[in-house]
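A.B. asks: Dropping the sequence and predicted coords here.
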Amino acid sequence: METMRLTMGQALLKFLDNQYVEFDGVVNKFVKGVFTLFGHGIVVGFGEALERYQGDMAVYQGKNEQGMAHAAIGYAKQKNRREIIACTSSIGPGALNMVTAAATATVNRIPLLLLPGDTFACRQPDPVLQQVENPSSLSITANDAFKPVSRYWDRVVRPEQLMTAMIHAMRVLTDPADTGAVAICLPQDAEGEAYDYPVEFFARRVHHIARRIPTRSELEHAVAKTITKKKPLLICGGGVVYSEAGDALIEFAEKFRIPFCETQAGKGAAPWNHGLNLGGVGVTGGLAANRVAAAADLVIAVGTRLSDFTTASKWLFQNPDVDFLTINVNAFDACKMNAMTVIADAREGLQAFGAALEAAGYQSVYSGEIETAKAEWDREVDRLCSIDLAQGLSQTRALGEIAKMIGEDAVIVGSAGSLPGDLQRLWRPVKPKTYHMEYGFSCMGYEINAALGVKMAEPQREVYAMAGDGSYLMLHSELLTSIQEGYKINVLLFDNCGFGCIENLQNSKGIPSFCTQTKFRDPATGRLTGRDMPVSYAECAGGYGAKTYTARTIEELKASLASAKKDTVSTLIDIKVLPGTMTDGYESWWRVGVPEVSENPDVVKAHELLVKEVSKTKKF
């Protein structure tokens, strides 16, 4: 057997450089690069390999481990999970900074390869700098924190273990049903140890991503259930996007006259103005989808996790005869809501189910409900986007103007706060892959950093990060990386002086505003109820080298957007919006834990309402 003597770090890099995926006959290089933030647990071992041999992979210098991992998630999501950028870090705090990103990737079913440095496998110098010591087991390190948030976890304590570890890592990263974060922990001594690796380990390896087709029995059961129903509703989830099944969804909906609605991950798979597209559904959804969902007698959920925001905490579907049917490549997601399952790729499942349903002569019995609901909702969106207030700029008005000015090809990126709700309700994508929302984890700080990843994935498009002031303060490190690398992103920062989304939730349950506004401490009360803190986020970003603007009026916003389009460096528009001017819920409900007893009568009333609404929900 021909061998090649390499360190574990060198072998890891050479292996990654030769991984490819094939989907529908198209072959892509899978690992396009590596984000790194060097520290003592990685810079000498794997870092030496990166410095000596990069192959066809670029190396990017991150500024915060979580931030660069979010950028990698944004890249993989925009590439429909067929290309990734790996992330490596030092031990201890550097590694632990990536745990939040690992959870974000796993919850959203996005492949993310993490290569955190680790302590010494030999243990001779223990404890080393930044080592977490657990007295119950010396084998436990900080990197064990990745276990609950990873789809696959391994620690390579001997250089020859790298081979099985990486084959299993690629198995998970390239499996649409099982993908998420993969953490391969690299003890710093093992990184530098040499081994005679078989040359075949480094051969070009093509991972074939197959479209799983449904079984005949699944289709027969699905047809038998559907033909007993009169008013079904389709839910378009992220699996429709990754499967590139938007056209198949539209064809299915048109053939049987079944309206469809969208999750945050599924939004944009079909144009907003299609006659059967009712828009967002659930807690952050709109009136059209939620009203039709309440009356539907069959919900056909395609490629969705059926999270609490999609189902309104299992409350939304009020028809006593409603049943659920899912088409999903992931059996874990498919069985939710006690659904009848079709385990299949979204496109293959829709096409096969459609053919079987057509043979059965099925047709829904909707009359004018779909058109009426859609027309009413369109008028409401137009109203929200044209609200002018004498006191200042409303958030919905700002979004309406932004939508007009940035163009249909631009990509918007969001994740947390009140903006995901406003965007799912108000944003009107016409072209695919222009609506990029991470709402499985709703991770504050994702927006700006992921926007860099999206721009790296599609450098020809303008990319806009939609972030609140809270998210900006949480994490915006890779804004600097975007400037360093010459990837222009546009940050639209909505400053409402606090955490407005959570303040709304707080107030809606009878609790006065408390620790949700960005104010100075009032000496008289001892609480954070003093005057507002005036913050110039434009000055902050300007210090990094970004081109910045501040907008307090609609005229200033228009001028800023027009100018930012012409800029060649990353931009930030500091948009000062009035607090409380986001959209509200539209005939939806979200379950949160309201105190059962309280001295505040408003809280007691909120709990009584909770008990009432819980009685209307599906139990499993």
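C.D. replies: Done, it's in. Keep in mind the model is a prediction, meaning the values are calculated, not measured. Numbering: from 1, shown residues only.

A.B. asks: Got phi/psi on R151?
C.D. replies: phi -80, psi -20 (degrees, to the nearest 10).

A.B. asks: make that G33, sorry
C.D. replies: The phi/psi pair for G33 (degrees, to the nearest 10) is phi 180, psi -170.

A.B. asks: Repeat that for D323.
C.D. replies: phi -130, psi 160.

A.B. asks: In this structure it contacts K225, no?
C.D. replies: Yes: the criterion here is Cβ atoms under 8 Å, and D323 meets it with K225 at 6.3 Å. Every C-beta, even on glycine, is put in place using the N, C-alpha and C of the backbone.

A.B. asks: residue closest to the middle of the chain?
C.D. replies: E438 (2.1 Å; Cα atoms, centre = their mean).

A.B. asks: Please name the residues that touch that one.
C.D. replies: Residues near E438 by Cβ atoms under 8 Å, 6 or more residues apart in numbering: I73, G74, K77, T104, N108, G414, S415, Y446, A450.

A.B. asks: circling back: residues bridging contact with D323 and K225, i.e. touching both?
C.D. replies: By Cβ under 8 Å, 6+ apart, the residues touching both D323 and K225 are L298, M340.

A.B. asks: The two - which one has more neighbours?
C.D. replies: Set D323 next to K225 and count neighbours by other Cβ atoms under 10 Å: D323 wins out with 20 against 16.

A.B. asks: I'd like the distance between the more buried one and A339.
C.D. replies: 8 Å (Cβ to Cβ, to the nearest Å).

A.B. asks: Then R211?
C.D. replies: Distance from R211 to A339, by Cβ to Cβ: 21 Å.

A.B. asks: Looking only at neighbour counts, state which of the two leads.
C.D. replies: Each of R211 and A339 has its neighbours counted (other Cβ under 10 Å); A339 has more, 19 against 16.

A.B. asks: Now that one: closest residue in space that isn't a chain neighbour?
C.D. replies: F324 (3.8 Å; Cβ to Cβ, 6 or more residues apart in numbering).

A.B. asks: Likewise for D567?
C.D. replies: Per Cβ to Cβ, 6+ apart, closest to D567 is K547, 4.6 Å.

A.B. asks: Ok, L50 next?
C.D. replies: V59 (5.3 Å).

A.B. asks: Neighbouring strands of whatever helix or strand that neighbour lives in in the sheet, and parallel or not?
C.D. replies: In this structure, V59 sits in strand 58-61 according to DSSP states H and E. Sheet pairing for strand 58-61, assigned by DSSP bridges, gives strand 31-36 (parallel).

A.B. asks: Flag every buried residue along the partner strand.
C.D. replies: V31, K32, G33, V34, F35, T36 (16 or more other Cβ atoms under 10 Å).

A.B. asks: Am I right that the first one is in contact with C87?
C.D. replies: Pointing back at V31 there. No: between V31 and C87 there is no contact under Cβ under 8 Å: 11.1 Å.

A.B. asks: Spit out the residues that contact the two alike.
C.D. replies: Joint contacts of V31 and C87 (Cβ under 8 Å, 6+ apart) are L113.

A.B. asks: So what does the closest residue to R52 other than its chain neighbours look like in phi/psi?
C.D. replies: Once flanking residues are discounted, R52 sits nearest to Q10: 7.4 Å by Cβ to Cβ, 6+ apart. Dihedral angles of Q10 (phi, psi; degrees, to the nearest 10) stand at phi -70, psi -40.

A.B. asks: any idea how far L186 is from Q10?
C.D. replies: Taking Cβ to Cβ, one finds Q10 at 12 Å from L186.

A.B. asks: what comes into contact with stretch 279-289?
C.D. replies: For stretch 279-289, using Cβ under 8 Å, 6+ apart, the contacting residues are 235, 261-264, 267, 272, 278, 290, 293, 308-313, 316, 373-374, 376-377, 380-381, 420-421, 424-425, 439, 585-590.

A.B. asks: Just those residues: which are in helices?
C.D. replies: 290, 293, 308-311, 373-374, 376-377, 380-381, 420-421, 424-425 (DSSP state H).

A.B. asks: I'd like to know which of those residues is nearest to P459.
C.D. replies: P420 (25.4 Å; Cβ to Cβ).

A.B. asks: what sits against that closest one?
C.D. replies: Q264, T284, G414, M437, Y439, S442.

A.B. asks: confidence score at it?
C.D. replies: If you check P420, the pLDDT there is 97.

A.B. asks: Please apply the same query to F620.
C.D. replies: For F620, the model assigns a pLDDT of 83.

A.B. asks: What backbone torsions are found at the closest residue to V172 other than its chain neighbours?
C.D. replies: Distances taken as Cβ to Cβ, 6+ apart place Y152 nearest to V172, at 4.3 Å, with adjacent residues excluded. With angles defined as degrees, to the nearest 10, Y152 sits at phi -150, psi 140.

A.B. asks: thought Y152 was touching A169?
C.D. replies: Yes: the pair Y152 / A169 is scored as a contact, 6.0 Å apart, by Cβ under 8 Å.

A.B. asks: There's contact between F353 and L219 in this structure, I believe.
C.D. replies: Yes: the criterion here is Cβ under 8 Å, and F353 meets it with L219 at 6.0 Å.

A.B. asks: what residues do those two have in common as contacts?
C.D. replies: Contacts common to F353 and L219, judged by Cβ under 8 Å, 6+ apart, are V342.
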